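Enquirer: Here is a sequence with its predicted model. Questions after.
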Amino acid sequence: MIISASRRTDIPAYYSEWMMNRLSEGYVLVRNPMNAHQIWKISLSPDVVDGIVFWTKNPEPMLKRLKELDRWPFYFQFTLTAYGPEVETHLPSKNKVIIPAFQWLSKEIGREKVVWRYDPIFFNDRYTMDYHCRYFKVLAAKLGDYTEKCTVSFLDFYRSTVRNMRTLNVVHETKAQQMELMARFAEIAGTYGFDIDTCAEEIDLGELGIGHARCIDKERLERIGKYRLSVKKDVNQRPACGCVQSIDIGTYHTCENGCLYCYANDRYDTAVRNARSHHPASPLLFGEIGPDDIIKERKIVSCKEYQMTLFDDGSIWDKEENMATFICYEKCSTCRKAEKWLQDKGISYEKRPIREENPTAEELRVWKEKSGLPLKRFFNTSGQLYRSMGLKDRLKDMTEDEQIQLLASDGMLVKRPILLSGEHVLVGFREAQWQEEIFK
């Protein structure tokens, strides 16, 4: 199971000592937000916890204790916006504390483990489109080398959010404004070498190379943990949310960041009052177990897959590792030939349609590095779209980032099939090459 720590509160900023104590003791108690007298006991053992996703605006209190996380795969969702203290009322200085903490964290654990979030986005007289673009560029220049991607979203108008933000005179943005802002953000991101995706947004921005985020990200944890996870989409989230299933161990109304747009805090004074009932040694994040409380142990199991997989040291092994992903186009005769070859060899794989689930820019960068191939080898040079766009003559005048963004815009531009497993990437089907690489 994956642990979310936490969408409900900023555990790294305010409860990092408690979190480390919980990991050390191997369990946590979480009060059911829908039933105040029901408390779940949740194991935090590495045997059943497949990864931890931390959510924070300021991880500085946790930075000196990162070594204590070595037994768990983990990454951070790190929110850093351009809003001032009238919106994010109790954050420390961004220039003096938060930006340096982002950079230090990334250098310590790797840029793939620090996802930048610039959200939620809203407009008013001060926070205009030009303002967001200007300061997004400022932040991108400082963070681009320290993250692989930035996740963005637009403000959701929850009842408490509307009440808390009433003095800010927020304007409901139009779809055209969303499209324009995202186009400008995409251009900035391309300049500074990271990708953009959107969190729980219905809008289709594929033409800009912007996909839909998976904030609780199965593939990221697989890459970090070097194993395969069998975990389903989280149906308890909004329909546009791409997250997989997780258990959140935080508690609502306990975050002292004081962000007016936050859905997880009703009122700031309530959060402060609840925080006073916190004790780092308690199994509960705040408060005490009462006489009417009922504690039940929640049964959780690891979602790691144990089955025949390939490419570990160039051979097929029966152990915990990445199984193959076969990226293909159903109407392609070469793809059908390659799939039959995999089946004849008895190789297990997960099928991914390249047209419906086209590779992201982030994925393409990783695949290029792992394969050692020039980027041109990833283009479907025999495809109709490649020819109609005149890319044979245009590519030489494009930067690598521009080429990657172009590939990410339409799966039909990408050469297929692609076979992925662990550190191995095979592009295009040549039977002799696949035979040699897989069974050498």
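Expert: Noted; the coordinates are in hand. Computed from a predicted model, the values in this text were never measured in an experiment.
Enquirer: where does I3 land in three-state SS?
Expert: strand (DSSP: H, G, I helix; E, B strand; the rest coil).
Enquirer: Same question for L395.
Expert: Going by three-state DSSP: L395 is helix.
Enquirer: Which of the three states applies to E256?
Expert: Per three-state DSSP, E256 ends up coil.
Enquirer: For stretch 87-95, list every residue counted as buried.
Expert: 87-88, 91, 94 (16 or more other CB atoms under 10 Å). Placement of C-beta: from N, CA and C, glycine included.
Enquirer: what ranges do the strands span in the stretch 1-150 of the chain?
Expert: Counting by DSSP state E, counting those that start in this stretch, the stretch 1-150 of the chain has strands at residues 2-5, 27-32, 35-43, 51-56, 74-79, 114-121, 149-154.
Enquirer: sorry, that was for the stretch 201-350 of the chain
Expert: Going by DSSP E, counting those that start in this stretch, the stretch 201-350 of the chain shows strands at 211-212, 247-248, 294-297, 307-312, 315-319, 324-328, 349-353.
Enquirer: Least reliable of the ones you listed by average pLDDT, please.
Expert: Least confidently modelled of these is strand 315-319, at a mean of 36 by mean pLDDT.
Enquirer: and stretch 134-153, how far apart are its ends?
Expert: Distance across stretch 134-153, first residue to last, is 17 Å (CA to CA, to the nearest Å).
Enquirer: any residues touching that stretch, and which ones?
Expert: 77-78, 80, 82, 99, 102-103, 106-107, 111-112, 114-121, 182, 185, 188-189, 191-201, 213, 215, 362, 365 (CB atoms under 8 Å, 6 or more residues apart in numbering).
Enquirer: and that stretch, average pLDDT?
Expert: In the prediction, stretch 134-153 has an average pLDDT of 96.
Enquirer: So which bits of it are buried?
Expert: Under 16+ other CB under 10 Å, the buried positions of stretch 134-153 are 136-137, 139-140, 142-144, 146-153.
Enquirer: Quick check: the gap between G190 and D397.
Expert: 15 Å (CB to CB, to the nearest Å).
Enquirer: Which of those two has more residues huddled nearby?
Expert: For G190 and D397, the more surrounded residue by other CB atoms under 10 Å is G190, and the numbers stand at 20 against 7.
Enquirer: Now the element after the helix or strand hosting the more buried one, going C-ward?
Expert: G190 is part of helix 175-192 when elements are defined by DSSP states H and E. Moving toward the C-terminus from helix 175-192, the next helix or strand (DSSP H and E) is strand 195-198.
Enquirer: just checking, what packs against that next one?
Expert: Using 3 or more CB pairs under 8 Å, 6 or more residues apart in numbering; DSSP states H and E, the elements in contact with strand 195-198 are strand 149-154, helix 175-192, strand 211-212.
Enquirer: just to revisit the earlier point, from the contacts of stretch 134-153, which would you call buried?
Expert: 77-78, 80, 82, 99, 102-103, 106, 111-112, 114-121, 182, 185, 188-189, 192-201, 213, 215, 362, 365.
Enquirer: how about the helices in the protein?
Expert: Secondary structure of the chain, counting by DSSP state H: helices at 11-14, 16-25, 99-109, 129-143, 159-164, 175-192, 218-225, 268-275, 333-344, 361-371, 384-388, 391-394, 400-409, 431-439.
Enquirer: what's the span of stretch 144-152 from first residue to last?
Expert: 15 Å.
Enquirer: can you give me how far stretch 131-141 is from the chain middle?
Expert: 21 Å (CA atoms, centre = their mean, to the nearest Å).
Enquirer: of all the buried residues of stretch 87-95, which two lie farthest apart?
Expert: Farthest pair in the buried residues of stretch 87-95 (CB to CB) is V87 and K94. Separation: 12.2 Å.
Enquirer: Minimum distance to G383: which of the helices and strands packed on strand 195-198 has it?
Expert: strand 211-212 (20.9 Å).
Enquirer: next one: that closest one to chain centre, how far?
Expert: Going by CA atoms, centre = their mean, where strand 211-212 is centred and where its chain is centred differ by 11 Å.
Enquirer: Okay then, goodbye and thanks.
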